[in-house]
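> need coordinates for the below:
(one chain, ligands or ions: 1)
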Amino acid sequence: MAIPRSIAGLRIPGKGANRARGLVRLIALLLLLVPVIMMARYGFGFLSGDVLHAPFHMIRQMAATQPFFSIHAVSAASALLTGWVQVFPPARRALPQWHRRLGYVYVAACLVGAVTALPVALHSVGGPLASAILIGQASLWAGLLWPALVTARRRRIADHRRWMIRHYALTCSAIVLRAIMATGVAIGYPLQLVLAIALSLAAAEAILRRPRPGLQRDRPIIQRPGSSHKAT
Ligand code: HEM
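As a prediction, this is how the structure comes out:
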C-alpha cells in the first residue's frame, strides 16, 4: 500500500518504512491533542480562582492553597499545550524560529507549575503518602527540564529530542492519572499516582526504543582548548 506524502495538508517526509513511521507518529500526536485540549481547558477553568470550580472533594484544599492552586492549574495547562506544539514535527518544521521561543515558555510554565504544586501537594486530599509522591513528581518535573534545556543549548538535537519526549510524557502523566481515576479502579490514590507516572515514562521509553534511522545518538562534544562553545 502506498504511504501518502501528506495528511490534512501536513507533509510526511522520508520514504517507505520511514514515511510509514512518520505517518503513525503524526496520527498518534493528532489523537493525543484531544485529551491535551480537554485537560488544558479544565486547567484554564481555574483562572477565575473561584473555589466552587474545584471538584467537591478539593474545595477545602483549593481554598487553603490559593493562589497556588489556580496558578498551578493554569501554568500546567499552558505547559501541556506548548509542549504538544514543541513535540509536533510539522510545527517545528513550519516555524523553527518559534520552536526556541515556545521552548522557553514551556520551561517557564513547567517551573511555575512544579513550584506551585508543592504547597498544593502538602494539602493533598490523598494524605501524606500522596503528598510525598506528588512532591517527588513535581521535583522530577522541574529537574528533568535541566537535561532538556542543556542539550538544546549545546545543539545536541538527538539527545534534546530524547529528554523532551521524556519530559512531555511526565507532563502528560496528569492526563493519564485522570484516565486511570475515570476507570474507577479502586487501588487508592497514591498507587494511581505512581501508576500514572510509571505508565507515562514507560510510554516515553517505548517510543525512544523504536529504531529511527537518520537520527542517532549525538556524539559527545569535544571542545578544543581555547575555543568557547557558542550557546544557542
Ligand atoms: C506533572 C506534574 C504535576 C504535578 C506534580 C501536579 C500536582 C498537582 C497537585 C498536588 C494537585 C492537587 C490535587 C492533589 O493533591 O492530588 C494538582 C491538581 C491539579 N492539577 Fe496538577 N500536577 C502536575 C501536572 C499537571 C498538568 C500537566 C496539568 C494540566 C492542566 C495539571 C492540572 C491540574 C488541575 C486542573 C488540578 C486541580 C483539579 C484536579 O486535580 O482535578 N497538573 N496537581
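> could you find the closest non-adjacent residue to Leu47?
Excluding its sequence neighbours, the residue lying closest to Leu47 (CB to CB, 6 or more residues apart in numbering) is Val74, at 5.4 Å. Just so you know, the C-beta spots here come from the backbone N, C-alpha and C atoms, and that holds for glycine as well.
> Ala64 too?
Leaving out its chain neighbours, the residue that sits closest to Ala64 by CB to CB, 6+ apart is His123, at 5.2 Å.
> ok, the residue nearest to Leu47 to Leu191 distance?
According to CB to CB, to the nearest Å, Val74 stands 28 Å off from Leu191.
> and these two? Which one has more around it.
Higher neighbour count among Val74 and Leu191: Val74, with 22 against 15, using other CB atoms under 10 Å.
> residues contacting the more buried one?
Val74 makes contact with 43-44, 46-47, according to CB atoms under 8 Å, 6 or more residues apart in numbering.
> out of these, who's nearest the ligand?
Gly43 (3.0 Å; CB to the nearest ligand atom).
> please identify the buried residues of the host helix or strand of that closest one?
Under the criterion of DSSP states H and E, Gly43 resides in helix 16-44. Within helix 16-44, the residues scored as buried using 16 or more other CB atoms under 10 Å are 18-19, 21-23, 25-26, 29, 32, 35-36, 39-40, 43.
> anything in that helix near the ligand?
Yes. Helix 16-44 lies within reach of the ligand by CB under 6 Å from any ligand atom, at 39-40, 42-43.
> now those residues in CSV, with pLDDT?
Output for the residues of helix 16-44 next to the ligand, formatted as CSV (pLDDT from 0 to 100):
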residue, pLDDT
Met39, 97
Ala40, 98
Tyr42, 95
Gly43, 96
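> what sits up against the helix or strand just after the helix holding Gly43?
Later in the chain than helix 16-44, the nearest helix or strand by DSSP H and E is helix 59-65. Helix 59-65 is contacted from outside by 51-52, 54, 69-70, 119-120, 122-125, using CB under 8 Å, 6+ apart.
> can you pick out the most distant pair from the residues you listed?
Leu52 and Leu122 (22.3 Å; CB to CB).
> of those two, who's got more company?
Each of Leu52 and Leu122 has its neighbours counted (other CB under 10 Å); Leu122 has more, 16 against 9.
> quick one, phi psi at the nearest residue to the more buried one once chain neighbours are set aside?
Using CB to CB, 6+ apart and skipping the chain neighbours, the partner closest in space to Leu122 is Ser131 (5.6 Å). Dihedral angles of Ser131 (phi, psi; degrees, to the nearest 10) stand at phi -60, psi -50.
> so Ser131 touches Pro119, yeah?
No. At 10.5 Å, Ser131 does not count as touching Pro119 under the criterion of CB atoms under 8 Å.
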